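S.K.: Give me a model of this one.
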Amino acid sequence: MKLTPHDIAKMLDHSTLQPYLTQEDVRTGCEVALKYDTASVCARPGDMKLVAQMLKGSDVHVCTVIGFPHGNHLPEIKLAEAKAALDDGCVELDMVINIGRLIAGDDRYVQNEIRAICELAHSRDAKVKVILETCYLNDDQKVRACKLAAGAGADWVKTSTGYGSAGCKVEDVRLMRKSVPPACQVKGSGGIRDLDTVLAVRAAGATRCGVSATEKIMAEAEKRNAEGTLCEAPTDAKETDASCAY
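M.R.: Numbering: from 1, shown residues only. Modelled structure (predicted):
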């Protein structure tokens, strides 16, 4: 099926999470997101006021990370971090689960923590993406984490922080899509640097991708659109074939 560059842009959460970024770098990131009308800018918690100001009046959402990147903050600290972000204008929260607790089988702890963030966010008309950090989990743990997150009210389950030992894998996106109900979406993140990967994770069931290579991806999308070759990837493909049959 034929796509437009805007279809791709609205899958992208433009990431400005690197620890060395300056405020000017964050401003530049917001300008990139506004240029292409991406889904969001996902920035560090301390940047929320700046990002909210930059994106005011646009359709680009203000997003931040909670308990990032390791997920081992105390639940009350994650909750306080989420509240501060919401107060500063954030409307999407990407929270990291307590990975060690999940691996140890402490499902109640993991789900209660997710539920508290979701209840707070939803009371403020905000959304929550739950980061599993799939590189540290086996398939059974990934499925369990997905079910816990969906049961706690998550709006998305997300593969990775981008700071683990590996990032997004198409097979993980596919497994996660099968493990949550239709109302819960899937986000791929970590190592997504080109259009082919975006199309592959889209075909596997993702509706969002966390990326910092937005300009490169959008340049590829615009080029293929001009050539008439911007289209959906096969749903069972690991890589995208850049040709369309109309």
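S.K.: ok, longest helix in this protein?
M.R.: Across the chain, the longest stretch assigned as helix under DSSP state H is helix 107-123.
S.K.: Adjacent strands (with direction) for the very next helix or strand once past it?
M.R.: With elements assigned by DSSP states H and E, the helix or strand that comes after helix 107-123 is strand 127-131. Counting by DSSP bridges, the strands paired with strand 127-131 are strand 92-96 (parallel), strand 156-158 (parallel).
S.K.: which is the next helix or strand following the longest one?
M.R.: Same thing as strand 92-96. Taking DSSP H and E, what comes next after strand 92-96 is helix 99-103.
S.K.: how about that next one: buried residues?
M.R.: Residues 99, 101-102 are the ones in helix 99-103 that count as buried (16 or more other CB atoms under 10 Å). Just so you know, the C-beta spots here come from the backbone N, C-alpha and C atoms, and that holds for glycine as well.
S.K.: For residue 76, state which of those is nearest.
M.R.: Relative to residue 76, the closest of the buried residues of helix 99-103 is residue 101; by CB to CB it sits at 15.0 Å.
S.K.: For the closest one, give its distance to residue 68.
M.R.: 16 Å (CB to CB, to the nearest Å).
S.K.: how about stretch 12-30: buried residues?
M.R.: 12-17, 21, 26-27, 29-30.
S.K.: follow-up on the earlier one: can you put the buried residues of helix 99-103 in JSON lines and add pLDDT and distance to residue 164?
M.R.: As requested, the buried residues of helix 99-103 are exported to JSON lines (pLDDT from 0 to 100; distance: CB to CB, whole Å):
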{"residue": "99", "pLDDT": "98", "distance to residue 164": "9"}
{"residue": "101", "pLDDT": "98", "distance to residue 164": "16"}
{"residue": "102", "pLDDT": "98", "distance to residue 164": "14"}
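S.K.: Same list (those) but as TSV, adding distance to residue 204.
M.R.: Output for these, formatted as TSV (distance: CB to CB, whole Å):
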residue	distance to residue 204
99	22
101	27
102	22
